[in-house]
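Asker: I'll drop the sequence and a predicted model, then ask my questions.
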Amino acid sequence: MFTLPVNDLLTALANVSMFAAKKDKDREHLTGVRLRVTGPNLEVLASDSYVAAQGRAAGENIGGNFTVLVHPTALKPVIDALKANLFTTARLDLTEHGLQFFIGPDELLLTVRTMDGLHRYPAAEHLFNVPVGDSAGYIHIDPKRLALLAKLKEYGV
């Protein structure tokens with residue numbers, strides 16, 4: 001079980017999920033959002049193969065590490081519930097029924113089914129090994145993807 005502030009979870013899920021591929025018959029795993037809990041960290045990753053987005057949040061892990069892939073439309077009710085419970089806490093737990101979210105002081109339970117294709121997802125991680133500093137190059141962003149960047153929010157404020 002992983003516990004963290006709602007605002008941090010909301011920021012990671014809302015900002016990253018919009019970068020998942022909308023449709024991809026040949027690479028259906030890219031239509032998913034990967035959530036990985038390792039130690040005290042949650043990492044959320046999504047990619048449409050052109051842009052990769054990553055969100056991170058710190059919390060308390062008392063149940064062990066896990067990695068799952070979920071569809072962004074399944075996260076919409078979770079994101080809505082998180083928005084309604086700002087400045088509280090949330091817990092994540094992986095069970096045989098899916099990824100469970102316990103949200104707010106009343107611990108509203110929402111269960112999200114996991115997707116297949118997690119074994120194909122590590123290829124997206126290499127997109128984050130980009131050089132920084134003087135050796136970094138320029139990046140070209142088309143207007144459609146720039147519009148997505150404009151939608152990023154910080155729910156911790």
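Answerer: Received the coordinates, thanks. Numbers count the residues shown, from 1 in each chain.

Asker: and the helices in this protein, which stretches?
Answerer: Here the chain has its helices, by DSSP state H, at 6-17, 72-83, 143-150.

Asker: of these, flag the one that's most buried.
Answerer: helix 6-17 (a mean of 23; mean count of other C-beta atoms under 10 Å). For every residue, glycine as well, the C-beta is placed using N, CA and C.

Asker: quick one: contacts of it?
Answerer: 33, 42, 44-46, 53-59, 72, 75, 78-79, 82-83, 85-90, 92, 103-104, 151-156 (C-beta atoms under 8 Å, 6 or more residues apart in numbering).

Asker: ChimeraX command to pick out the buried ones of those residues?
Answerer: Remark: buried members of the contacts of helix 6-17, expressed as a ChimeraX selection using 16 or more other C-beta atoms under 10 Å:
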select :33,42,44,45,46,53,54,55,57,59,72,75,78,79,82,85,89,90,92,103,104,155
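
Asker: so where's this structure uncertain?
Answerer: Along the chain, the parts satisfying pLDDT under 70 run over 24-29, 120-141, 156-157.

Asker: most centrally placed residue in it?
Answerer: Within the chain, the residue whose C-alpha comes closest to the C-alpha centroid is residue 44; the distance, by C-alpha atoms, centre = their mean, is 3.1 Å.
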